[in-house]
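*Asks:* Sharing a model that was predicted from the sequence below.
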Amino acid sequence: MLDIYTWFYTGVVLVIIGSIGSVIGPGVNDPVIRTLNLEIPAIGLSLILLTYNSTIALLTYIAATTIITMILLRAIVRLEELGAEL
Amino acid sequence: MDISILGGPILGIIPLGDIVLYFTPFNLFMFAAALAFTALIAISSTESQVEAEFGTLKNREVKVDKAEFKLRRFLAIVCGLATAGAMVTGDLFDFTLFVTLIGIVNIGIVAAVKEIDVLDAAFQYGLIAMIGTLPLFGGAALILASTGTISLLQIVQIPYTTSLMLFGSILFFLGVAGETGVAPFFATKAEMFRTPGSPFLLIIHLSSLLIIVRTIEILLIINKPF
Amino acid sequence: MSSILDLITITNVSAVVLIIGTLGVIALPKPIDKVIMLSILQGGLVGTIVAAKYLDVAMAAAIFDPIATVIFLIGIIKIDEIRKKKAKQKAGEEGILA
Amino acid sequence: MTATVLVPNVVSPVVVGLFLPAVFTGIIVGLIGLLSISYQKNDLHALILTDIVGIGMLIIVASVGTDLAESLVLPGLVVELAEIMAISEILMSREIRKQGKTVDLMPMPLNLDMEVLTTAPIFFAIILVAYGAFLSGFTGGAIAGGGILFYVITRLARGVPANIWEGLAGASGIAWCLWLVGFLIFFVAPDYWLLALFLSAFGVFIKVTFKASLVGVMGREEFKKE
Amino acid sequence: MNLMANILLNVTIAFLVGSILLGFQRKVMARIQMRPGPPIIQHLLHTFKFFLKESAFPKTAAMPFYIAITAMLCVIWVAAVIVGPVTEGSLLLFFAIYAIHKIVEHNAGSSSGSPYGKLSCVRAVFSAAAEVPLFAVLIIIYLKTGTMILSSIVTYQNQHGALLLSIPLAALMFFVLILSKSPYSPFSITKGKDIVSGYETEHLRGYLMFSESISWYMLLWIFLTVFIGGLNPVGYLIGMVIITAFVAFINALTPILNPNHSVMTQVTLAFIGIVGSVILLLY
Amino acid sequence: MKLGRIWNKLATPKRIPRFYSIIVGIVLVAGFIVPMAYDNHQLYPRPTPQLQIDEQDPFAPYDRGGTPLTAPGIVKSQYPQFAAKQGYVTGYLSPISILVSNTTLYFGTSIYSSPGGLIDEILYYSRGFDTVLESSILMMAFVVASWVALNFTMKRKED
């Protein structure tokens, strides 16, 4: 039973620290680093889903995060290549 | 409370498992309107926009090219059907999904244009739509948490309104406003209307206004002031 | 003494690993280092899932994590190349000017 | 051996106890994301940060903690994914237009001589596709799609994307129809529920797989330009 | 009475009274501006004239759409008459009808391909954002009376007195809405003279003017029914004349606002109205 | 006129997402003070987390009873009267699933994500319409993204 709370609160901590980290963490002005930091709240959310035993949602979320990462990196690389001033 | 003091008596239901579609005169009118406009769009061609050129006395004709036209017409029809569906659905989560579908299709309709301003507006609107998923789905989830159901026909029978329901529905409203992009965040959307292709633009406007009207009905169903 | 040893379970160890990974990912400045810390983080996640005894989910997670890592690596290398090239170009232009 | 509790009457007290912390976490995360967007000038960063907002949304939905909530998380996820994809594409299109046609993208040979990239793809892809086929349904689709996607990104071959594209897109459209037919059978002829179930499960599986692999085709064009 | 005959009668009344009221408004405005002005039946005559004139279709128009949109405008306002005086249905339906009116207004502008029409279309979208919140006064009425059905609202007012006195801010909001729908009003940015009357230049004027008359009548009818309630036909007529004259005074004395400012004025008024009414309701 | 300038500023497209997020943020802050009452009579409730796995149920955490093709599982849906074959999908196990679940205790999710299982029941049957929409959303997003990608960002033909 204690395990559930450990997972849940670790997840909470990860989500919050991770999102703060990807907002004001060191070097986040580089979009790649920001995307990397975004993996932390994603893993935190995975833990929370695990706590609720939403295993199928968890499985899908893990797959979806990869795809989202991929899409974002594609956009970042492409825009960098263009030298776009946003 | 009875649903009939809002939109008139219930004329019929279509059950699809847990999702029940219901028809009152109010829903039926908007359903019919959405379908009528969709049919109109399916058979219409686009206008060509004539603009004066700077520096000369010539006119410039802006047309929608063929491939783009087909894509946009397809998206517009999907949008019309989604609007029609959102008008009659009796399930809160189903409604949110319809709204999201409308949001993404609206972006798509203007995504193929060539004007940078319009694309910029479409992008900003897309950002709002993405931010809007938080209040939209979050609000629906909070209403589910506080009532234990997301079927409107069940929620209407709950005699009281808890503060969580109220909070959830405020979030829900903000979400719908963001997703459809009309009031009060209007400018982004108006910018999108500068592109040619009027039948498709109609559906963007139609969907957002009808959705807002329907949302108001839903909010009145959820929150019972007396 | 045994009470302290009891604390060393898969759950707690994974939690610690997760926290370390988090701090590492945020604090380290270089992208490549971050990717390494990300792997640690993902290891923690797999550990937690194993502690929950969902072995098949753990399997899927274990497969997807390296994929994410590889995607990041490709992205980082690519973007590095672009930046280098740009810097070179800029330097070249300045050289011509000088 | 089967469990003692199959379906409880009320939601378990553990979940009820976690509801408040979970909702608060969702709200805090949402707030962090929203605040950061509100002062973010750069459009690309704003796009990346909306991901945080989406995570907040998923936490709030998951906090309800029932089977229903789990099946509501799935649409939320998909919406998030879909919108990020469409909007990032629009952002790129806008920037390309802004730069004008004269900006020629220099083809950039990418020399990635990493061991991982030559041996891993096929292995991973086969495992994932097999595993996804075994799971079938929604998750299976995502997993198998992930496998194909990974394979396609890392493969050195550079084919003609447009053709593959149309083939894949067509297949997924057919799969979508398959799934719609399955859904209708459930209500029209409930006695054939098993057939409907298989149609739905594999329709969604094929559809999601091909969708994910389309991302791969997009990505290959991106990273493997010779 | 037969339903069909009832509808026909009410539509005819709406059209005739609406046209004459609009003519009257022009007359009042002209007199304020020290001009003789057209005769009161001018608007009615104009409508007939446009029905008889040959129609021209621009080459650039989006074809079936361009014609259908004007027909649609007529259909929805006839539907409004059916919901209102004929069956006394739900106020929410009016809300829906009004929303579709905005849509038609917007698309009438864009379907012709004229740049002026286009501007009118963009402005219609702008103004929708302001007018929909204004139309939300219906919700305040609902909060006050607990029903959306017109006949029940009238019954409520017979028991508790006119809503105009108990929720004056809501009445003010609705009045601003009526004002924005009147010709030459400070908020009529979609039909501004700076964009050559917007969509009105190109379309089949007969249908447009027909629905304009009905819509003017219906807006006044709703205002009187919802806020004063239980009037007899003569009472309705007097009330309509008074409101029209009042609107004419305002329109004659104010310029058309810039689109942004028009919208934001309306939004600000809507905000004040909604918040104020809610505060009044809570007390 | 100062008010006019503020109105003009608010109408710039780029500011609107920021403005919107501020508004949503303000409303979210209200969430901290709103009393949140969770109604524990929910649809489709599930057992306490980890309960089934601790009891070594091979179908944990999605065991809802029922035997394949004969007896339906337990499903607490909103309108049981509208779903004729309710519970059968939950109780269904594919032949492979039966085989595997006999050999291992940790079969968990995979069995139920194969055709049959609780989530399939909700996703395809009782709330199937949601899944129609959801996959339509995905499809539309792909139509948009792929069209833009094919025509503008990948080919970059003159237009």
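*Replies:* Nice, I can see it.

*Asks:* Secondary structure class of the closest residue to F:P49 other than its chain neighbours, three-state.
*Replies:* Excluding the flanking residues, the one nearest F:P49 by C-beta to C-beta, 6 or more residues apart in numbering or on different chains is A:N53, at 4.7 Å. Where C-beta positions appear, they are placed from N, C-alpha and C, glycine not excepted. Assigned by DSSP: H, G, I helix; E, B strand; the rest coil, the conformation of A:N53 is coil.

*Asks:* Packing partners of the helix or strand where D:I90 lies?
*Replies:* If you go by DSSP states H and E, D:I90 is part of helix D:67-99. Identification of packing neighbours for helix D:67-99 by 3 or more C-beta pairs under 8 Å, 6 or more residues apart in numbering or on different chains; DSSP states H and E yields helix A:55-82, helix B:92-111, helix B:116-147, helix D:43-62, helix F:118-120, helix F:128-148.

*Asks:* Show me where chain D dips below the pLDDT cut-off.
*Replies:* When residues are selected by pLDDT under 70, those of chain D lie in D:1-3, D:100-122, D:134-139, D:149-169, D:213-226.

*Asks:* Please name the nearest non-neighbouring residue to the residue in it that chain F sits nearest to.
*Replies:* For chain D, the residue positioned closest to chain F under C-beta to the nearest C-beta is D:A82, at a distance of 3.3 Å. In space, and not counting its chain neighbours, D:A82 is closest to F:A141: 3.3 Å by C-beta to C-beta, 6+ apart.

*Asks:* tell me the contacts of the residue of chain D closest to chain F?
*Replies:* Going by C-beta atoms under 8 Å, 6 or more residues apart in numbering or on different chains, D:A82 touches B:I104, F:I137, F:L138, F:M140, F:A141, F:F142.

*Asks:* Tell me the buried residues in the helix holding D:I90?
*Replies:* Going by neighbour count (16 or more other C-beta atoms under 10 Å in any protein chain shown), the buried part of helix D:67-99 is D:67-97.

*Asks:* ok, now stretch E:160-167?
*Replies:* E:L163, E:L164, E:S166, E:I167.

*Asks:* Please tell me the pLDDT value assigned to the last one.
*Replies:* Same thing as E:I167. For E:I167, the model assigns a pLDDT of 80.

*Asks:* With the first one instead?
*Replies:* Reading off the per-residue confidence, E:L163 sits at a pLDDT of 77.

*Asks:* Tell me how far the spatially most central residue of chain F lies from chain A.
*Replies:* By C-alpha atoms, centre = their mean, the mean C-alpha position of chain F lies nearest to F:L123, the distance being 7.9 Å. In this view, F:L123 and chain A are 9 Å apart by C-beta to the nearest C-beta, to the nearest Å.

*Asks:* From what I see, that residue and D:P75 are in contact.
*Replies:* No: F:L123 lies out of contact with D:P75 (C-beta atoms under 8 Å); the separation is 9.2 Å.

*Asks:* what is in contact with the two at once?
*Replies:* By C-beta under 8 Å, 6+ apart, the residues touching both F:L123 and D:P75 are F:D130, F:T131.

*Asks:* give the contact list for the closest residue to D:V64 other than its chain neighbours.
*Replies:* Leaving aside its sequence neighbours, D:V64 sits nearest to B:A145 (C-beta to C-beta, 6+ apart; 4.9 Å). By C-beta under 8 Å, 6+ apart, the contact set of B:A145 is B:L164, B:G168, D:F19, D:V23, D:S63, D:V64, F:M36, F:Y38, F:D39, F:Q42.

*Asks:* so which of those comes closest to E:H46?
*Replies:* Nearest to E:H46, judged by C-beta to C-beta, of these is B:G168 at 51.7 Å.

*Asks:* Look up which helix or strand that closest one falls in, please.
*Replies:* Applying DSSP H and E, one finds B:G168 within helix B:163-180.

*Asks:* Report the mean confidence score over that helix.
*Replies:* Rounded mean pLDDT across helix B:163-180 is 87.

*Asks:* in it, what's buried?
*Replies:* For helix B:163-180, by 16+ other C-beta under 10 Å, it's B:164-180.

*Asks:* between that helix and helix D:43-62, how big is the angle?
*Replies:* Angle of helix B:163-180 versus helix D:43-62, following axes from the mean of the first three to the mean of the last three C-alpha atoms, to 10 degrees, is 150 degrees.

*Asks:* For helix B:163-180, which helices and strands make contact with it?
*Replies:* helix B:92-111, helix B:116-147, helix B:198-222, helix F:15-30.

*Asks:* Which one of these lies nearest to A:I4?
*Replies:* Using C-beta to C-beta, the helices and strands packed on helix B:163-180 put helix B:116-147 closest to A:I4, at 19.1 Å.

*Asks:* helix/strand/coil for the residue minimising distance to the centre of chain C?
*Replies:* With distances taken as C-alpha atoms, centre = their mean, C:L38 lies nearest the centre of chain C, 1.5 Å away. Following three-state DSSP, C:L38 is assigned to helix.

*Asks:* if I pick it, what's in contact with it?
*Replies:* Counted by C-beta under 8 Å, 6+ apart, C:L38 has contacts A:L36, A:E39, C:G21, C:V25, C:A68, C:T69, C:F72.

*Asks:* Which one of the residues you listed is nearest to chain D?
*Replies:* When the contacts of C:L38 are compared against chain D (criterion: C-beta to the nearest C-beta), the nearest one is C:T69, at 8.7 Å.

*Asks:* didn't D:V64 look like it was pressed against B:A140?
*Replies:* No: at 10.1 Å, D:V64 does not count as touching B:A140 under the criterion of C-beta under 8 Å.

*Asks:* Need the residues touching each of these two.
*Replies:* D:L72.

*Asks:* quick revisit: how many neighbouring residues does the residue nearest to D:A82 have?
*Replies:* Using other C-beta atoms under 10 Å in any protein chain shown, F:A141 has 27 neighbouring residues.

*Asks:* ok, now which ones touch it?
*Replies:* B:I104, B:G108, D:L81, D:A82, D:E83, D:M85, D:A86.

*Asks:* Lovely, talk soon.
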